[in-house]
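K.L.:
Test case, fold it:
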Amino acid sequence: MVNKELVKKLLQQLDKNGDGKIDVNELKMFLDREKWPVSREKVLDFIKLYDRNQDEMLDLDELCTVLAE
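P.N.:
Numbers count the residues shown, from 1 in each chain. Reported below is the predicted structural model:
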């Protein structure tokens with residue numbers, strides 16, 4: 001079980017536009033900054049694996065699912 005409050009803090013750090021979700025650009029920016037170069041297409045493919053509502057973004061619940069695995 002993941003700590004939802006910690007995941008919420010992570011989401012707030014990654015969510016650069018403040019919409020409460022992580023989009024492909026925000027996740028790619030984080031990965032690039034952490035020296036994990038991945039193509040935009042691969043980042044989007046990853047998001048789609050966990051994107052239950054198919055908006056091509058990860059919300060808090062979807063991010064919790066990612067981190068629980």
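K.L.:
Next, please give the residue ranges for the strands of this protein.
P.N.:
22-23, 57-58 (DSSP state E).
K.L.:
Redo the ones you listed as CSV? Include distance to residue 29 and mean pLDDT.
P.N.:
Placement of C-beta: from N, CA and C, glycine included. As requested, the strands of the chain are exported to CSV (distance: least, C-beta to C-beta, whole Å; pLDDT from 0 to 100):
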stretch, distance to residue 29, mean pLDDT
strand 22-23, 10, 98
strand 57-58, 14, 98
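K.L.:
Please spell out which residues along stretch 57-65 are buried.
P.N.:
Of the residues in stretch 57-65, 57-60, 62-65 count as buried by neighbour count, 16 or more other C-beta atoms under 10 Å.
K.L.:
returning to that earlier point: closest to residue 14 out of the strands of the chain?
P.N.:
Evaluated over these, closeness to residue 14 peaks at strand 22-23, with 5.0 Å, by C-beta to C-beta.
K.L.:
can you give me how far that closest one is from the chain middle?
P.N.:
5 Å (C-alpha atoms, centre = their mean, to the nearest Å).
K.L.:
Repeat that for stretch 32-42.
P.N.:
Per C-alpha atoms, centre = their mean, the centroid offset for stretch 32-42 relative to its chain is 13 Å.
K.L.:
who's in contact with it?
P.N.:
For stretch 32-42, contacts defined as C-beta atoms under 8 Å, 6 or more residues apart in numbering pick out 24-25, 28, 31.
K.L.:
do stretch 52-63 as well
P.N.:
Stretch 52-63 is contacted by residues 4, 7-8, 10-11, 19-24, 27, 44, 47-48, 50-51, 66 when judged by C-beta under 8 Å, 6+ apart.
K.L.:
Cool, thanks, signing off.
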